[in-house]
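Trainee: Can you look at this prediction? I've put the sequence above it.
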Amino acid sequence: MPKLTRRSFMKFTAASIAAAALADKKRVHAEKDDVDRAFPLMTAGATTAYGLCHFCSVGCGIEVKIKDNKVISTEGHPDHPINEGALCPKGRSMKEMTNSDERVTHPLIRKPGSDKWEPISWEDAFDKIASKVKDVREETFTKTVDIDGEEVRVNRTEGIFSLGSAEIDNEEAYLYTKFNRALGIHNFTHQAEI
Ligand code: SF4
């Protein structure tokens, strides 16, 4: 084994210190590069809102991130007792649906003989729906005979099926049921089983 002289000891120590300093400098540069290269968080500066997915009756909780008046992220709400942070693809894609240019935000009508949909006002749409419901009820009310043998109509129509929404809660479902029964519609569902 070569003998370690005082001179060679000093040289070895100096070289070790220089190597350590170089390695440290390289590490600092690497860390700085990492920071420079890191993408800023997409949700930085966004506000958070909470809601429910309306696609089905499971009712998963959603954490919505909003920035510049636009939904930028929809994730499962981690504290929600039903989904505990998870979302199926439909709930996960809520952001795309909200921001889509193809999202329909007003009623459309396809007139008889037309091959295209055209915008219509809400008032006109409601009037047309009400008128159509009235016509179909008139045409399809169930007929029966009374105790005198006279033919009578009863408030029961086979011509309309009514579909509710998974978004409605118990109280709304109650009103929805009353509404349909008042119209004589007995084929209806508030959508839970779809
Ligand atoms: S995230 Fe999926 S499972 Fe949950 S409510 Fe929406 S559609 Fe239903």
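Mentor: Perfect, I can see it now. Numbers count the residues shown, from 1 in each chain.
Trainee: Nearest to the ligand: which residue in this protein?
Mentor: Here the residue of the chain nearest the ligand is Gly91; by CB to the nearest ligand atom that distance is 2.4 Å. Just so you know, the C-beta spots here come from the backbone N, C-alpha and C atoms, and that holds for glycine as well.
Trainee: Just give me the longest strand of the chain.
Mentor: Ordering each strand of the chain by length in residues (DSSP state E) puts strand 151-163 first.
Trainee: and that strand, which residues are buried?
Mentor: By neighbour count with 16 or more other CB atoms under 10 Å, strand 151-163 contains the buried residues Arg156, Thr157, Gly159, Ile160, Ser162.
Trainee: Could you find the closest non-adjacent residue to the last one?
Mentor: In space, not counting the residues next to it along the chain, Ser162 is nearest to Phe188; the distance is 3.8 Å by CB to CB, 6 or more residues apart in numbering.
Trainee: Other residues contacting the longest strand of the chain?
Mentor: Strand 151-163 has contacts (CB atoms under 8 Å, 6 or more residues apart in numbering) with 133, 136-137, 139-146, 180, 183-189, 191.
Trainee: again, only using 10 Å
Mentor: 132-133, 135-146, 176-177, 179-191, 194 (CB atoms under 10 Å, 6 or more residues apart in numbering).
Trainee: interface residues of the protein facing the ligand?
Mentor: For the chain, the contact set with the ligand under CB under 6 Å from any ligand atom comprises Cys53, Phe55, Cys56, Val58, Gly59, Cys60, Asn83, Leu87, Cys88, Lys90, Gly91.
Trainee: thought Met42 was touching Lys65?
Mentor: Yes - counting by CB atoms under 10 Å, Met42 does reach Lys65; the two are 8.1 Å apart.
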